[in-house]
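Trainee: 3D model of this:
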Amino acid sequence: MKIQITNYKSGDYHTLIKLWEEGGLPYKPLGRDSRESIEKEVKNNCNKFLFAQIEGQYVGSVLVTHDGRKGWINRVVVLPEYQHKGIARKLVESAENWLKQQGIRIFACLIEDYNDESIDAFKKMGYIPFEGIRYLTKRVNPDI
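Mentor: Numbering: from 1, shown residues only. Alright, predicted model coming up:
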């Protein structure tokens, strides 16, 4: 099974959303996950969506971003029938490689505390839980 990693390009929005839906990721189509927002994000040099493909079929994706000093691995999804085959690892490694190319040397991810499977997967990839930080957020509206 050869996994090919490709970049999001204009017109891939429905493919991305289909992966999120079939992979069980929640999204906000009226806000931050609208076509307009995603397309704007992709044009920003500090964000990148990557896809995993097998024989031309899209089977996973990841969003990788950075703030100039720390990189963030977000929205990792693999279709259920392709999970536990190394695809998420390949997506994360590709995201880390892109961050290294940008000069970023610290990688982080945020995972909900109930998502044990994702926490375990990231631990296997060398990520260490960082105790003592609480994540706070403020949103202009709930769709962001």
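Trainee: pLDDT at residue 62, what is it?
Mentor: What the model reports for residue 62 is a pLDDT of 98.
Trainee: burial of it, as a residue count?
Mentor: A total of 25 residues lie near residue 62 under the criterion other C-beta atoms under 10 Å. Any C-beta I mention is one placed from the backbone N, CA and C, and that applies to glycine too.
Trainee: Let me know the secondary structure of residue 94.
Mentor: Recorded secondary structure, residue 94: helix (DSSP: H, G, I helix; E, B strand; the rest coil).
Trainee: measure it to residue 131 for me?
Mentor: In this view, residue 94 and residue 131 are 28 Å apart by C-beta to C-beta, to the nearest Å.
Trainee: any idea which strand is longest in this structure?
Mentor: Secondary structure assigned by DSSP state E gives strand 57-66 as the longest strand of the chain.
Trainee: Any chance you could list what contacts stretch 125-139?
Mentor: 89, 92, 93, 107, 108, 109, 110, 119, 123 (C-beta atoms under 8 Å, 6 or more residues apart in numbering).
Trainee: now with 6 Å?
Mentor: Outside stretch 125-139, the residues that touch it by C-beta atoms under 6 Å, 6 or more residues apart in numbering are residue 92.
Trainee: got the end-to-end distance for it?
Mentor: 31 Å (C-alpha to C-alpha, to the nearest Å).
Trainee: The helix or strand just after the longest strand of the chain pairs with which strands, parallel or anti?
Mentor: Next helix or strand after strand 57-66 toward the C-terminus (DSSP states H and E): strand 71-78. Counting by DSSP bridges, the strands paired with strand 71-78 are strand 57-66 (antiparallel), strand 107-108 (parallel).
Trainee: which one of those lies closest to residue 26?
Mentor: Taking C-beta to C-beta, strand 57-66 is the member of the strands paired with strand 71-78 nearest to residue 26, at 13.8 Å.
Trainee: Right, I'll leave it there.
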